[in-house]
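Trainee: here is a sequence together with a model predicted from it:
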Amino acid sequence: MATAPAPSSVSFEYLFDTLQADADVREKIREAVKALERDERGCLAVLNRVHVVGPAETLPLLNTITPLFPALRTSLASLASLIPPTQFYRYNDMFSRSLQSAAFIVVVDHFLRTEDVPTKDEVAVALGISDAWRDHFFLPIEDYLNSLISLLNELSRLAVNRVTLGDFQAPVRYARFAKELSSAFGLLNLKNDNLRKRFDGIKYDVKKLEEVVYDLSLRGLHL
């Protein structure tokens, strides 16, 4: 007669506290990301209106976004406070898109004021990301570069709308800037697959801008 197998001694009870602690952190991060995205939507709503105003109204419009930045910084600080030391990349997938969006807001605001892009450090400062957080929260290079690519996507749309509003010089400047930025990207050895794919798409934005400029020249509006 066969004997019954001995009961298993395998138990994962010792892992329960660790798994529960991780689940608690993730839930808090989800709530913090929701708050951050609410603040971002307010900023993006202002930036979207840039497509329907002329050059004279652009700066006054951008000035209305300035009072929204403190709330954005506060939300980012709340998110940063939840990330344990050395665990940034463990949880990064939960907020990477939101962090890219925050960087994009700063980049677009800066470009529309200066027609240049801020450095990664300047974006981090504008977002209130402190050097003192470097062991648990920072702006990754990939998120910064993604925000620059998103700027080019935005400019290819904005150029068309500028022409509609009678601004025929902006598309020329945007096209020149897009070529310069595209060339700068070409010098980078991009390892991130998603970033490399997005970079490959830049050529379509550059082409669209060139087509707008070419159309203006055919119509005698490119001075």
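Mentor: Thanks, I have it. Numbering: from 1, shown residues only.
Trainee: correct me, but residue 107 touches residue 119?
Mentor: No. Contact criterion CB atoms under 8 Å: residue 107 and residue 119 do not qualify, at 10.4 Å. Every C-beta, even on glycine, is put in place using the N, C-alpha and C of the backbone.
Trainee: these two: who's more crowded?
Mentor: Residue environment comparison for residue 107 versus residue 119 gives the larger neighbour count to residue 107, 22 against 10, counting by other CB atoms under 10 Å.
Trainee: determine how far stretch 129-143 lies from the middle of the whole chain.
Mentor: Between the centre of stretch 129-143 and the centre of its chain there are 14 Å (CA atoms, centre = their mean, to the nearest Å).
Trainee: quick one: mean pLDDT for it?
Mentor: pLDDT averaged over stretch 129-143 equals 95, rounded to a whole number.
Trainee: could you dump that stretch to PDB, C-alpha only?
Mentor: Taking C-alpha atoms only, stretch 129-143 is exported to PDB below (Å, rounded to 0.1, in the frame of the first residue of the first chain):
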ATOM      1  CA  ILE A 129      13.100  68.500  -9.200                       C
ATOM      2  CA  SER A 130      15.900  68.900  -6.600                       C
ATOM      3  CA  ASP A 131      19.400  67.600  -6.800                       C
ATOM      4  CA  ALA A 132      18.800  66.400  -3.200                       C
ATOM      5  CA  TRP A 133      16.400  63.800  -4.600                       C
ATOM      6  CA  ARG A 134      18.900  62.200  -7.000                       C
ATOM      7  CA  ASP A 135      19.000  58.900  -5.000                       C
ATOM      8  CA  HIS A 136      15.300  58.300  -5.600                       C
ATOM      9  CA  PHE A 137      13.800  60.800  -8.200                       C
ATOM     10  CA  PHE A 138      15.200  62.700 -11.200                       C
ATOM     11  CA  LEU A 139      14.500  63.600 -14.800                       C
ATOM     12  CA  PRO A 140      15.900  60.800 -17.000                       C
ATOM     13  CA  ILE A 141      17.700  61.700 -20.200                       C
ATOM     14  CA  GLU A 142      15.200  59.600 -22.200                       C
ATOM     15  CA  ASP A 143      12.200  61.500 -20.800                       C
END
